[in-house]
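Colleague: sequence and predicted structure are below.
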Amino acid sequence: MDEFDKLRVGLKSAPPAADAAAKAATLARAMENFDRAQETAKPARPMSDRSARTGILTGVRAMLSKFSTRPMLTATASVLAISVGLVVVLPALRQAPGMPEPVVVDVAKEKTGAPRAEDAAPDAVVAGGTAGLAPKVDETRADATIAPAEMAVSPDGSGAVMADTPAATAIGESSATLQGAVSSEPQNSAATDMLIVTPAPIGRAKSEADVGYAASTVYQGTASTTEAEAAQRAEPNTEAFASAEVNPVKIVAEDPVSTFSIDVDTASYAVVRSSLASGSLPPAEAVRIEEMVNYFPYDYPAPAADGAPFRPTVSVIQTPWNKDTRLVHIAIQGRLPALADRPSLNLVFLIDTSGSMDEPNKLPLLQQSFRLLLGQLHPEDQVAIVTYAGSAGEVLAPTPANDRAKILSALDRLAAGGSTAGQEGLQQAYQVAEGMKTKGEVTRILLATDGDFNVGISDPEELTKYIAEKRETGTYLSVLGFGRGNLDDATMQALAQNGNGQAAYIDTLSEAQKVLVDQLTGALFPIANDVKIQIEFNPTAIAEYRLIGYETRALAREDFNNDTVDAGEIGAGHQVTALYEVTPVGSPALHSDPLRYQTNGAATLEAEPSELGFLKLRWKEPGATTSQLMEQPIPLATAQTGDDVRFAAAIAGFGQLLGGSKYLGNWGWADAVALASGAKGTDTFGYRAEAVQLMRLGQSLSGN
């Protein structure tokens with residue numbers, strides 16, 4: 001009989017008495033360690049033969065296989081028999097929405113004294129589930145099911161961790177379920193104790209970010225998890241979107257002037273696409289129609305080389321969803337200077353490396369995206385990298401863009417972990433940018449984040465004030481959003497709008513190509529600042545109007561002439577589109593009855609109007625403090641327009657359908673699909689064809 005046999009016999013004949021105090025102390029230490037490590041520990045470095053998700057298990061298995069000395073194993077077995085056991089906690093890393101993976105957490109086997117489920121700490125959480133030692137798994141359940149598991153524990157009592165095996169194989173003869181609700185009843189079975197956390201979609205979500213991850217903690221076989229129980233255990237959706245009440249219909253006689261700031265952001269369209277592609281309608285507050293319309297490239301007339309930095313073009317067509325109203329289409333095309341003549345660029349990558357970025361569609365996609373951007377920089381451009389998590393740090397000092405190896409090496413070393421010290425990161429990024437400035441060059445911070453600012457300045461109003469102060473130094477800030485579930489779009493919009501920059505959302509590498517390659521020049525090099533639009537409608541011609549979109553960009557009438565009021569920027573080659581639905585005088589489509597005791601003043605105007613309204617534009621040259629004015633009349637009608645105007649109208653209708661607009665009448669999804677399909681035009685990169693497919697998805701998901 002060798003040492004192992006003697007140990008086995010000794011443990012069976014005289015097992016050590018359970019020490020309740022030792023158990024409680026060990027459990028308390030385990031929870032303290034977990035709380036301390038929450039979002040702060042660096043992820044385990046995977047071995048070369050395994051993916052990042054199973055690297056830690058591969059390492060544990062390799063470690064255990066190297067324990068060759070019997071004294072070491074004897075000591076380990078004794079410790080496990082006396083103490084509560086070793087709890088291996090595995091973070092539940094989320095996959096793309098709708099495709100969760102189960103995570104199995106090993107609770108060390110204990111022959112006697114296993115605590116009941118109700119004895120576990122009630123507020124302890126492990127990867128979204130309930131922590132604590134589990135009662136033994138019931139091997140006798142005939143109705144139990146086996147769910148595939150990414151990670152499981154060997155049932156032979158050795159405690160060896162097995163990776164990439166189905167749960168049925170890992171459990172062996174056991175028929176214990178790996179998915180379902182909690183069973184708190186203890187069982188007298190010798191099966192291996194386990195704590196299993198199974199992510200699972202919950203019901204129908206209004207966005208794929210709302211697809212929660214149901215943490216099913218399994219102690220002894222299970223019954224099925226109810227939707228209510230699963231919802232209680234789901235990870236909360238903390239997404240927040242910048243939105244406002246939909247623009248109402250205005251009566252021209254009472255409110256003839258409309259004023260707003262231009263917007264070239266595109267984040268909303270990419271968020272909408274992300275939701276629809278995952279099988280869910282987006283939340284209504286995520287739909288900003290102007291960002292959907294401005295997502296697409298158009299063939300607008302370019303400005304003269306020696307004139308203003310942009311050129312407006314106005315078209316008037318019959319509204320697709322109402323034959324008794326008109327659609328006023330305002331197109332602005334920015335000048336695109338020769339790329340060789342652009343100024344040198346000082347670019348600071350401010351990268352969120354907090355624990356919430358540890359998902360495939362966040363930090364890894366961010367790193368791939370910035371690789372694409374580097375190929376567009378000139379040798380004389382400079383790049384610096386600042387990261388922020390538990391604290392901020394300069395990962396890469398200002399480096400010439402042609403030193404690609406050094407820049408890529410710094411990007412590749414980034415890893416997620418820690419809380420989100422957004423304020424500290426911003427402060428350090430501006431400090432680095434200040435040191436890079438040279439007269440005549442453009443300096444910009446490019447913030448890449450999921451928007452989860454939870455340390456330091458986190459209130460959007462405080463952030464906007466801080467960024468507004470910094471933009472006066474000449475350093476602009478643009479924002480790239482990554483990932484869903486905790487996307488703080490409201491904060492991202494506040495940062496970009498007040499940092500004289502743009503906001504975009506990147507959900508795929510193709511979107512990174514569009515934003516950081518195809519449109520890089522416009523995103524980084526401004527040609528006009530504080531661009532404002534104001535339209536005065538002619539009450540003789542137009543009775544009512546409504547601006548479609550731009551709710552978060554509305555300005556007071558007096559703000560138009562106030563040069564201290566911030567507004568949007570136009571970059572090199574940028575295009576801006578705005579749409580008004582207007583109701584002519586006498587149209588049966590009027591929403592409001594005429595007032596009994598007031599007139600619209602038509603008697604003082606021409607009987608036969610020649611103008612629908614009057615368009616004014618104000619802007620500042622970059623670095624200037626005084627604005628310039630451009631103005632032109634809006635004709636009552638224009639010649640037949642082409643695909644660009646009709647496609648923009650189709651996208652505006654698409655956005656209104658997603659938002660449940662009350663102004664569309666019987667016009668529906670099929671009409672939007674038909675209009676967009678007939679106006680795709682050249683569509684070099686397939687963006688318009690993709691939009692048609694998204695409309696079809698929206699139609700199917702809405703049940704119409």
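Modeller: That came through, no problem.

Colleague: now do the host helix or strand of Arg646: which elements does it pack against?
Modeller: Secondary structure from DSSP states H and E places Arg646 in helix 643-659. The contact analysis (3 or more C-beta pairs under 8 Å, 6 or more residues apart in numbering; DSSP states H and E) places helix 643-659 against helix 289-293, strand 310-319, strand 322-334, strand 575-584, helix 669-677, helix 687-702. (Each C-beta comes from the backbone N, C-alpha and C, glycine too.)

Colleague: okay, now the sheet partners of the fourth one, with direction.
Modeller: Based on DSSP bridges, the strands next to strand 575-584 in the sheet, each with its direction, are strand 322-334 (antiparallel), strand 542-548 (antiparallel).

Colleague: list of residues touching the next helix or strand after the last one?
Modeller: This points to strand 542-548. Beyond strand 542-548 in the direction of the C-terminus, DSSP H and E gives the next helix or strand as strand 568-571. Residues from elsewhere that reach strand 568-571 (C-beta atoms under 8 Å, 6 or more residues apart in numbering): 261-264, 309-310, 332, 334, 476, 497, 500-502, 521-531, 553, 576, 619.

Colleague: okay, strand 568-571 in CSV with CA atoms only?
Modeller: Only the C-alpha atoms of strand 568-571 are listed here, as CSV (Å, rounded to 0.1, in the frame of the first residue of the first chain):
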residue,chain,number,x,y,z
GLY,A,568,-21.5,72.1,-35.4
GLU,A,569,-18.4,71.7,-37.5
ILE,A,570,-18.0,70.8,-41.2
GLY,A,571,-14.8,68.9,-42.1
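
Colleague: mind listing what it pairs with, with the direction of each?
Modeller: Note on strand 568-571: by DSSP bridges, its sheet partners are strand 526-537 (antiparallel).

Colleague: and the strand it pairs with, average pLDDT?
Modeller: Regarding strand 526-537, the rounded mean pLDDT is 95.

Colleague: output it as PDB, restricted to C-alpha atoms.
Modeller: Only the C-alpha atoms of strand 526-537 are listed here, as PDB (Å, rounded to 0.1, in the frame of the first residue of the first chain):
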ATOM      1  CA  PRO A 526     -12.300  71.200 -40.100                       C
ATOM      2  CA  ILE A 527     -13.100  73.800 -42.800                       C
ATOM      3  CA  ALA A 528     -15.900  75.600 -41.000                       C
ATOM      4  CA  ASN A 529     -16.800  75.900 -37.300                       C
ATOM      5  CA  ASP A 530     -20.000  76.800 -35.500                       C
ATOM      6  CA  VAL A 531     -22.200  76.300 -38.600                       C
ATOM      7  CA  LYS A 532     -25.800  77.300 -38.000                       C
ATOM      8  CA  ILE A 533     -28.900  77.100 -40.200                       C
ATOM      9  CA  GLN A 534     -31.900  79.400 -40.000                       C
ATOM     10  CA  ILE A 535     -35.000  79.300 -42.200                       C
ATOM     11  CA  GLU A 536     -37.800  81.900 -42.200                       C
ATOM     12  CA  PHE A 537     -40.900  80.400 -43.800                       C
END
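
Colleague: check the strands paired with strand 575-584 for me and report the most buried one.
Modeller: strand 542-548 (a mean of 23; mean count of other C-beta atoms under 10 Å).

Colleague: keeping just the C-alphas, turn that strand into CSV.
Modeller: The C-alpha atoms that make up strand 542-548 are tabulated as CSV, following Å, rounded to 0.1, in the frame of the first residue of the first chain:
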residue,chain,number,x,y,z
ILE,A,542,-46.6,77.8,-46.1
ALA,A,543,-49.0,77.3,-43.2
GLU,A,544,-47.1,74.6,-41.2
TYR,A,545,-43.7,73.0,-41.1
ARG,A,546,-41.7,70.5,-39.1
LEU,A,547,-38.0,69.8,-39.0
ILE,A,548,-37.3,66.1,-39.4
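
Colleague: that one vs helix 643-659, what angle?
Modeller: Angle of strand 542-548 versus helix 643-659, following axes from the mean of the first three to the mean of the last three C-alpha atoms, to 10 degrees, is 80 degrees.

Colleague: touching strand 542-548 from outside, list them.
Modeller: With C-beta under 8 Å, 6+ apart, strand 542-548 has contacts from 247-253, 258, 260, 289-290, 537, 578-587, 590-592, 600, 612-613, 652, 656, 663.

Colleague: what subset of those residues is buried?
Modeller: 247, 250-253, 258, 260, 289-290, 537, 578-585, 587, 590, 600, 612-613, 652, 656, 663 (16 or more other C-beta atoms under 10 Å).

Colleague: just to revisit the earlier point, among the helices and strands packed on helix 643-659, which comes closest to Glu461?
Modeller: Proximity to Glu461 (C-beta to C-beta) singles out helix 289-293 among the helices and strands packed on helix 643-659, at 21.8 Å.

Colleague: what is that closest one packed up against?
Modeller: Contacts defined by 3+ C-beta pairs under 8 Å, 6+ apart place helix 289-293 against helix 267-277, strand 575-584, helix 643-659.

Colleague: Ala648 and Leu366, how far apart?
Modeller: Using C-beta to C-beta, to the nearest Å, Ala648 is found at 31 Å from Leu366.

Colleague: in a markdown table: the strands paired with strand 575-584, plus distance to Val565 and mean pLDDT.
Modeller: Listed next are the strands paired with strand 575-584 as a markdown table, based on distance: least, C-beta to C-beta, whole Å; pLDDT from 0 to 100:
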| stretch | distance to Val565 | mean pLDDT |
| --- | --- | --- |
| strand 322-334 | 19 | 96 |
| strand 542-548 | 18 | 97 |
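
Colleague: any idea which of the ones you listed gets closest to Ser510?
Modeller: So among these, strand 322-334 is nearest, using C-beta to C-beta, at 23.9 Å.

Colleague: quick check: angle from the closest one to strand 310-319?
Modeller: Here strand 322-334 points in a direction 170 degrees away from that of strand 310-319 (the same axes, to 10 degrees).

Colleague: next helix or strand past strand 322-334?
Modeller: Strand 322-334 is succeeded, C-terminally, by strand 345-352 (DSSP H and E).

Colleague: by contact count, what packs against the following helix or strand past that next one?
Modeller: The helix or strand immediately downstream of strand 345-352 is helix 363-374, counting by DSSP H and E. The elements that helix 363-374 packs onto, with contact taken as 3+ C-beta pairs under 8 Å, 6+ apart, are strand 345-352, helix 404-412, strand 442-449, strand 475-482, strand 503-506, helix 509-513.

Colleague: beyond helix 363-374, next helix or strand please.
Modeller: By DSSP H and E, the next helix or strand past helix 363-374 is strand 382-388.

Colleague: so which bits of that following strand are buried?
Modeller: Buried residues in strand 382-388, counting neighbours by 16+ other C-beta under 10 Å, are found at 382-388.

Colleague: neighbouring strands - and their directions - for that strand?
Modeller: Next to strand 382-388 in the sheet, as set by DSSP bridges, lie strand 345-352 (parallel), strand 392-400 (antiparallel).

Colleague: return the longest one as CSV; C-alpha atoms alone will do.
Modeller: Listed next in CSV are the C-alpha coordinates belonging to strand 392-400 (Å, rounded to 0.1, in the frame of the first residue of the first chain):
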residue,chain,number,x,y,z
ALA,A,392,-4.6,57.0,-16.7
GLY,A,393,-1.2,56.6,-18.3
GLU,A,394,0.8,57.5,-21.4
VAL,A,395,1.4,54.2,-23.2
LEU,A,396,3.1,55.8,-26.2
ALA,A,397,4.9,59.2,-26.2
PRO,A,398,4.5,61.3,-29.3
THR,A,399,5.9,59.2,-32.2
PRO,A,400,6.2,59.9,-35.9
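
Colleague: so which bits of that strand are buried?
Modeller: By neighbour count with 16+ other C-beta under 10 Å, strand 392-400 contains the buried residues 392, 394-396, 398-399.
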